[in-house]
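Student: Have a look; sequence and predicted model below, questions after that.
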Amino acid sequence: MDMARLLLFHHALGLTDGVKAFADSLRKVGHTVDCPDLYDGATFNDIDEGVAHAESIGIAEIIRRGEEAADGLP
């Protein structure tokens, strides 16, 4: 059985330990997972803070970073 190649984007709280653990659980069953950090290391415990951070970066920039992460992937 062919396993999937996944591009997993984090939620508004950033690339948290929970998101990393989810990606690792997918890898453990054989999937290839790319999980870019669109916030350059920033994480948050509060949704409103995470959304405010995304807005301060700019939604267009978040999209650009996501597209950049996808470039070159099959």
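Tutor: Cool, got the structure. These figures come from a predicted structure and were not determined experimentally.
Student: dump the residue contacts of Tyr39.
Tutor: By CB atoms under 8 Å, 6 or more residues apart in numbering, the contact list for Tyr39 reads His10, Gly14, Leu15, His53, Ala54, Ile57. Every C-beta, even on glycine, is put in place using the N, C-alpha and C of the backbone.
Student: Touching, the third one and Asp34? I think so.
Tutor: No - with contacts defined as CB atoms under 8 Å, Leu15 does not count as touching Asp34, sitting 11.8 Å away.
Student: out of the two, which sits in the more crowded spot?
Tutor: In this view Leu15 and Asp34 are compared by other CB atoms under 10 Å, and Leu15 has more residues nearby, 21 against 13.
Student: Now that one. Nearest residue, chain neighbours left out?
Tutor: The spatially closest residue to Leu15, leaving aside those adjacent along the chain, is Asp37, at 4.3 Å (CB to CB, 6 or more residues apart in numbering).
Student: pLDDT weak spots in this protein?
Tutor: When the per-residue scores of the chain are filtered using pLDDT under 70, the ranges that remain are 1-2.
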